[in-house]
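Visitor: Structure for this input, please:
(chains A and B)
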Protein chains: 2
Amino acid sequence: MGKKVAVLAVNPVNGFGLFQYLEAFFENGISYRVFAVADTKEIKTNSGITMFTDDVVANLKGHEDEYDALVFGCGDAVPVFAQYADKSYNQDMLAVIKAFGDKGKMMIGHCAAAMMFESAGITAGKTLAVHPLAKPAIQNGKTTDEKFAVDGHFYTAETENAIWMMMDKVIKALSE
Amino acid sequence: MGKKVAVLAVNPVNGFGLFQYLEAFFENGISYRVFAVADTKEIKTNSGITMFTDDVVANLKGHEDEYDALVFGCGDAVPVFAQYADKSYNQDMLAVIKAFGDKGKMMIGHCAAAMMFESAGITAGKTLAVHPLAKPAIQNGKTTDEKFAVDGHFYTAETENAIWMMMDKVIKALSE
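Guide: Model prediction:
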């Protein structure tokens, strides 16, 4: 029985990373719904393309039980996250990540995903792959120099260039 | 001096393939413009996400000299191409591919890209990587069992899963 995945897309989002998950889910018959970490469903890719997600993160809050897994789709919104940390959509995002993590659901992501999981307080003792620049931010979790890490329900890749290395494991876990 | 790239996106387009090029171009400061192979700029990814391209292929026709390279962004429109081959956007696409090819510009693509280049009559003697199902369609060009091929100004990958293997060569050539 396939699982259902909630996908977070920051604004702007790295399209290469985001669509690597989405096309793989699509091709493997895995259900997914994409939520913009923004006030509107209209967001942009890093590369400047306008796209529409299915919904916004505010509408995922409180509905975590409807999903089995969360993907954090990283992007150029993250390096400036601190400036916008108090925005409701970013607060909702952290709340959603914490809820998924506390419920023991699959947590999937690349680049700064592990840092966001750490910020939400759900990474204690977990081994995580993360962008080299974000490594110092991981204190409760443990970082690895490997390109990706699978530890319990955490599936993390160093960057979007390494997602493919863990994708078969992600798809297998989502298909069980 | 960086070159300028025209990117064709069929409808629906494989977002993983398309954004692999776009994000790499963006990160390397290479100029690009995305053209929908459709009547409108609003298209979908295979995975069902609505996106907006910069323009439509009809407006690229006759403007080939403004670009140095063409990318064919493959997608699920291609398996049903024959049913819609007479649509003006598909005729424009083949005309644009032929014009870029005849002018000796860089031709880049994955999956069925080589088949489209072949259909446009520009592949004589060139070694091309192509989706295994499309191999028999390549008669003037030569197919390879390698995951990607670089032959003259042709840069082709077997599928979207192999684009990364040739990306450094694509970026280098576009950056010269």
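
Visitor: Pull the one helix or strand in chain A whose mean pLDDT sits lowest out as CSV, backbone CA atoms only.
Guide: When the helices and strands of chain A are scored by mean pLDDT, DSSP states H and E, helix A:81-84 comes last with a mean of 93. This file holds the C-alpha atoms of helix A:81-84, laid out as CSV (Å, rounded to 0.1, in the frame of the first residue of the first chain):
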residue,chain,number,x,y,z
PHE,A,81,15.5,32.5,6.1
ALA,A,82,16.6,34.4,9.2
GLN,A,83,15.2,37.7,7.8
TYR,A,84,11.8,36.2,7.3
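
Visitor: Okay, buried residues for it please.
Guide: Neighbour counts over helix A:81-84 (16 or more other CB atoms under 10 Å in any protein chain shown) mark residue A:81 as buried. Heads up, the C-betas are built off the backbone N, CA and C, glycines and all.

Visitor: who's in contact with whichever helix or strand comes after it?
Guide: The helix or strand immediately downstream of helix A:81-84 is helix A:88-102, counting by DSSP states H and E. Here helix A:88-102 makes contact (CB atoms under 8 Å, 6 or more residues apart in numbering or on different chains) with A:6, A:8, A:10, A:36-39, A:56-58, A:60-61, A:64, A:67, A:69-70, A:72, A:81, A:84-85, A:107, A:116-117, A:119-123.

Visitor: what's the angle between the next helix or strand after helix A:88-102 and helix A:88-102?
Guide: Per DSSP H and E, helix A:88-102 leads on to strand A:106-110 as the next helix or strand towards the C-terminus. Relative orientation of strand A:106-110 and helix A:88-102, computed by axes from the mean of the first three to the mean of the last three CA atoms, to 10 degrees: 130 degrees.

Visitor: neighbouring strands for strand A:106-110, and are they parallel or not?
Guide: Note on strand A:106-110: by DSSP bridges, its sheet partners are strand A:69-73 (parallel), strand A:154-157 (parallel).

Visitor: could I get the ones you listed as a markdown table with mean neighbour count and mean pLDDT?
Guide: What follows is these, written out as a markdown table (neighbours: other CB atoms under 10 Å in any protein chain shown; pLDDT from 0 to 100):
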| stretch | mean neighbour count | mean pLDDT |
| --- | --- | --- |
| strand A:69-73 | 27 | 98 |
| strand A:154-157 | 28 | 98 |
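
Visitor: Let's have those strands in TSV, adding distance to residue B:139.
Guide: Below are the strands paired with strand A:106-110 laid out as TSV (distance: least, CB to CB, whole Å):
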stretch	distance to residue B:139
strand A:69-73	41
strand A:154-157	40
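
Visitor: what residue is smack in the middle of chain A?
Guide: In chain A, the centroid-proximal residue (CA atoms, centre = their mean) is residue A:72; its distance is 1.0 Å.

Visitor: Contact partners for the residue nearest to it when sequence neighbours are not counted?
Guide: Nearest non-adjacent residue to residue A:72, counting by CB to CB, 6 or more residues apart in numbering or on different chains: residue A:109, 3.5 Å away. Residues counted as contacts of residue A:109 (CB under 8 Å, 6+ apart) are A:71, A:72, A:73, A:74, A:116, A:117, A:155, A:156, A:157.

Visitor: and what of residue A:104?
Guide: Contact partners of residue A:104, counting by CB under 8 Å, 6+ apart, are residue A:153.

Visitor: and residue A:174, what element?
Guide: Residue-wise, residue A:174 maps onto helix A:163-175 under DSSP H and E.

Visitor: meant to ask about residue A:149
Guide: strand A:148-151.

Visitor: And that strand, what does it pack against?
Guide: strand A:127-128, strand A:154-157, helix A:163-175 (3 or more CB pairs under 8 Å, 6 or more residues apart in numbering or on different chains; DSSP states H and E).

Visitor: Distance to residue B:101 for those - can I get that in TSV?
Guide: Listed next are the helices and strands packed on strand A:148-151 as TSV, based on distance: least, CB to CB, whole Å:
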stretch	distance to residue B:101
strand A:127-128	46
strand A:154-157	37
helix A:163-175	30
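
Visitor: Low-confidence stretches in chain A?
Guide: A:1 (pLDDT under 70).

Visitor: ok, 50 please
Guide: In the prediction, chain A carries no residues with pLDDT under 50.

Visitor: near chain B, which residues of it?
Guide: Proximity of chain A to chain B (CB under 8 Å from any CB of the partner chain) is limited to residues A:14-16, A:18-20, A:22-27, A:34, A:45-53, A:160-161, A:164.

Visitor: Taking these, please make a ChimeraX selection of just the buried ones.
Guide: Buried members of the residues of chain A next to chain B can be picked out in ChimeraX with the line below, counting by 16+ other CB under 10 Å:
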select /A:14,15,16,18,19,20,22,23,24,25,26,34,45,46,47,49,51,52,53,160,161,164
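
Visitor: What about the residues of chain A next to chain B, which are in strands?
Guide: A:34, A:50, A:51, A:52 (DSSP state E).

Visitor: What is the most widely separated pair among those?
Guide: A:34 and A:50 (14.2 Å; CB to CB).

Visitor: so what's the residue lying closest to residue A:48 once chain neighbours are set aside up against?
Guide: Spatially, and ignoring its direct neighbours in sequence, residue A:48 is nearest to residue B:26 (7.1 Å; CB to CB, 6+ apart). By CB under 8 Å, 6+ apart, the contact set of residue B:26 is A:46, A:47, A:48, B:32.
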